[in-house]
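[1] Give the three-dimensional model of this entry:
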Amino acid sequence: MDANIYKNKKPLILFLFPAFVFMAVYLYYPFFKNILDSFMQIKQLGVSGEEFNTPWYTNYVEMIHDQNVWTSLKNTLIMMVVTLVGQVGIALILALMVDNITKGAKLFRTLYFFPIVVSATALGLLFNLIFLYDKGMLNQFLEVLGRKTLIDWKGEHLALFTMMLPVMWQYVGFYFVIIITGLNNIPEELYEAASIDGATKLQRIRYITLPMAHNVLCTCAVLAVTGALKVFDLPWIMFPKGMPLKSTFLTGTYMYYQTMEVKNVDYGAALAVMIVILGVVLSKVVNTIFKEKDY
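    Numbers count the residues shown, from 1 in each chain. Modelled structure (predicted):
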């Protein structure tokens, strides 16, 4: 068959046009409309803004003075650290362990990936039952062990820990699958050569596995940082409206609270713009820090 048929690019336009229209209607238009709405007065869902705020940057000035915004940013930064260390770190350890066993590897892959399949709403209700103060599973277990004072897992002091632990647990399997796939692509000949030279398992991990998995870990780091900005469903189910004392707000949950609960739609749009800007800046920073290498 003549290879020149692949040089005709005109049919590509026909196939790409529907996808472009779909993205324009459902992605680009809402995005730019949201930016415009952040400068207008909109106090009801489903209603377009008829006039601009006075001054037009009112919402962005309000964000600077809004204590809940700073609380949500602080909690989101903590969530980023948790995702990097907790999710990606634990996923790396699990992937290294599974990669070094010969029996039961498929079983462990299924078990570790299973939490990501379960609905976040169901997980939120499950962990609410686990962390209940009265007759919660965890407190009942502590009572059996002899502890007389119950722990308020959803109180002000432990609320962040209680919220972030399920999020970390849920997404470990996601990064585990990515990392284990990257480890499987490392040539076995490198390990065999290292074994012949007398390298131990730890030395093989340090000098072969980790350097060869560098790009995969960089990808996981970028996904973890940007994903922390979008975490919403599980924290909202467990701590709706930022309870207690609005101390558990994340950027995503606070935006939802302002838009859907307070009905401050234009302010919620401004918060959404802030989240997008943070995502772009942080992804650039993480890409710079965890720069991929060519082998």
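[2] Please give the element, helix or strand, for the residue nearest the centre of the chain.
    In the chain, the centroid-proximal residue (Cα atoms, centre = their mean) is residue 227; its distance is 2.6 Å. Per DSSP states H and E: residue 227 is located in helix 214-228.
[3] ok, back up a step: thinking the residue nearest to the centre of the chain is in contact with residue 84, fair?
    No. Using Cβ atoms under 8 Å, residue 227 is not in contact with residue 84, being 10.5 Å away. Every residue, glycine included, has its C-beta placed from N, CA and C.
[4] Now for the residue nearest to residue 224 when sequence neighbours are not counted, how many residues are close by?
    Closest residue to residue 224 apart from its sequence neighbours, by Cβ to Cβ, 6 or more residues apart in numbering: residue 83 at 3.9 Å. Number of residues near residue 83 (other Cβ atoms under 10 Å) recorded here: 26.
[5] Tell me where the model's unsure across the protein.
    1-8, 292, 294-295 (pLDDT under 70).
[6] Let's see that with 50 instead.
    Across the chain, nothing is flagged by pLDDT under 50.
[7] Tell me how many other residues crowd residue 240.
    14.
[8] Please determine how far residue 35 is located from residue 184.
    Distance of residue 35 to residue 184, given as Cβ to Cβ, to the nearest Å: 43 Å.
[9] So between these two, which is more surrounded?
    Per other Cβ under 10 Å, whichever of residue 35 and residue 184 has more neighbours is residue 35, with 14 against 10.
[10] The more buried one is in what secondary structure piece?
    Under DSSP H and E, the secondary-structure element containing residue 35 is helix 29-37.
[11] Show me what that helix is packed against.
    When contacts are defined as 3 or more Cβ pairs under 8 Å, 6 or more residues apart in numbering; DSSP states H and E, helix 29-37 sits against helix 265-289.
[12] In a helix, residue 127, correct?
    Yes. Judged by DSSP: H, G, I helix; E, B strand; the rest coil, residue 127 forms part of a helix.
[13] The closest residue to it other than its chain neighbours: neighbour count?
    Among residues not flanking residue 127 along the chain, residue 166 sits closest, at 4.6 Å (Cβ to Cβ, 6+ apart). Residues contacting residue 166 under the criterion other Cβ under 10 Å number 22.
[14] Confirm for me that residue 166 is in contact with residue 121.
    No. Taking contacts as Cβ under 8 Å, residue 166 lies outside contact range of residue 121: 12.0 Å.
[15] Could you pull up the contacting residues of residue 141?
    By Cβ atoms under 8 Å, 6 or more residues apart in numbering, no residues touch residue 141.
[16] how close does it sit to residue 201?
    36 Å.
[17] And for residue 159?
    To residue 201, residue 159 is 41 Å away according to Cβ to Cβ.
[18] and what of residue 244?
    Remark: distance between residue 244 and residue 201 (Cβ to Cβ) = 47 Å.
[19] what does residue 143 give?
    For residue 143, the distance to residue 201 equals 42 Å [Cβ to Cβ].
[20] One more: residue 38?
    Per Cβ to Cβ, residue 38 is found 54 Å from residue 201.
[21] With neighbour numbers in mind, choose between the two.
    With neighbours defined as other Cβ under 10 Å, residue 38 and residue 201 compare such that residue 38 has more, 26 against 13.
[22] which residues does residue 109 contact?
    98, 176-177, 180.
[23] centre of the chain versus the host helix or strand of it, how much separation?
    Following DSSP H and E, the helix or strand that holds residue 109 is helix 105-117. Chain-centre distance of helix 105-117: 19 Å, with Cα atoms, centre = their mean, to the nearest Å.
[24] Then stretch 43-62?
    When distances are taken as Cα atoms, centre = their mean, stretch 43-62 is centred 29 Å away from the chain's centroid.
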